[in-house]
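*Asks:* fold the following, please.
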Amino acid sequence: MHARDPLRDFHSFWDAVDESDVDALRNALDTANREEDIQQFLQANPKYLIQHLGGGHGRWVIPKQRLGAQHVTDFMIGQRDSMGFRWQAVELESPLAKMFTKAGNPTAQLTHAIRQIQDWRMWLTANQNYAARDRGEDGLGLTDIHPDVEGLIIMGRRATESDDTRRLRRQMGRDAKIEIRTFDFLLESLAGRVNSLKEHRKMTGR
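*Replies:* Residues are numbered from 1 along each chain as shown. Purely as a prediction, here's the structure:
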C-alpha cells in the first residue's frame, strides 16, 4: 500500500489465512453469547469479514464507521478493482439471534437490522459528497460510495434455519436489496479461501 494512503490503517491482507483461522472463527462463533462478543472478535481479526470479496486491488475493513451524528455502522468493508471502490455496510446481530418467529414473521432483531441499513442509505442520499471526500479534505474517505450502498446483515446460525425460513430470508433480502446471511456464511467463505490458496500453492509449487 502507498505510504500516504489515508485508508492504510484499515487495509486488510485477505490472503494471510490458513486452517487455524477456520478453527479460530468457528470457535468464536460457537462460544459467542452476544453481538458484542463477535463484534470485538471480528474487529481484532478483520480478514475474516472480507473473504467473500473479490477486489484484486485491496480490501479494507473500517469498524464503527460514523455516518453523521446519528448513525454508526458495525463495519464498513470495501474492495477496489478496475472499476474503483465498492463498499458494503455491515450490520451484525448476535449469532444466537433468530431471524423469524415460529409463525414465520421477522423478529425484532431482523427488522431492526434492515432499518439500520435503510437509515444509512437515507443519510448517504443527503451526504454522499461528504462521505466520498478524501479524509485529508475532512471527508469520510469512502471513495466512490453511493447512496444505495450494498448492505450486509449477518446474524444467527444456519443450524437453526428451516427450508421455509431460509426462503423467507432470501426473499426479504431481495425485497430490501440487502444481503442477509447467517454467520456460517463467513465461516464457509473463509474455508473456501483457505482451500483455494492451498490449491494455488500446489499448482505453483510455492
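
*Asks:* give me the number of residues near the closest residue in space to Phe13 that isn't next to it in sequence?
*Replies:* Leaving out its chain neighbours, the residue that sits closest to Phe13 by C-beta to C-beta, 6 or more residues apart in numbering is Lys47, at 6.6 Å. C-beta coordinates here come from the backbone N, C-alpha and C atoms, glycine included. Using other C-beta atoms under 10 Å, Lys47 has 19 other residues around it.

*Asks:* three-state assignment of Lys47?
*Replies:* Taken by DSSP: H, G, I helix; E, B strand; the rest coil, the conformation at Lys47 corresponds to helix.

*Asks:* could you list the low-pLDDT ranges of this protein?
*Replies:* Scanning the chain with the threshold set as pLDDT under 70 gives 1-5, 55, 206.

*Asks:* leaving out chain neighbours, which residue sits closest to the residue nearest the centre of it?
*Replies:* Central residue of the chain (C-alpha atoms, centre = their mean): Val90, 4.4 Å from the mean position. Of all residues not flanking Val90 in the chain, Phe75 sits nearest, at 4.0 Å (C-beta to C-beta, 6+ apart).

*Asks:* same deal with Ile114?
*Replies:* Ala176 (5.4 Å).

*Asks:* report the longest helix in this structure, please.
*Replies:* Scanning the chain for the longest helix, with DSSP state H as the assignment, gives helix 108-132.

*Asks:* before we move on, the earlier item: residues touching the residue nearest to Ile114, list them.
*Replies:* 114, 117-118, 151 (C-beta atoms under 8 Å, 6 or more residues apart in numbering).

*Asks:* got it, and Asp119?
*Replies:* So Asp119 contacts 70-71 (C-beta under 8 Å, 6+ apart).

*Asks:* follow-up on the earlier one: and the following helix or strand past the longest helix of the chain with helix 108-132, angle?
*Replies:* Proceeding N to C from helix 108-132, the next assigned helix or strand is strand 150-154, under DSSP states H and E. On the basis of axes from the mean of the first three to the mean of the last three C-alpha atoms, to 10 degrees, strand 150-154 is oriented at 150 degrees to helix 108-132.

*Asks:* got a list of contacts for strand 150-154?
*Replies:* Strand 150-154 is contacted by residues 77, 86-93, 110, 113-114, 117, 120-121, 173, 176-183, 185-186 when judged by C-beta under 8 Å, 6+ apart.

*Asks:* narrow those residues to those that are buried.
*Replies:* The neighbour-count test (16 or more other C-beta atoms under 10 Å) marks 77, 86-93, 110, 113-114, 117, 120-121, 173, 176, 178-183, 185-186 as buried among those.

*Asks:* counting by contacts, list what the longest strand anywhere in the chain packs against.
*Replies:* The residue-count maximum for a strand in the chain (DSSP state E) belongs to strand 84-92. Packing contacts for strand 84-92, counted by 3 or more C-beta pairs under 8 Å, 6 or more residues apart in numbering; DSSP states H and E, involve helix 35-44, strand 75-81, helix 108-132, strand 150-154.
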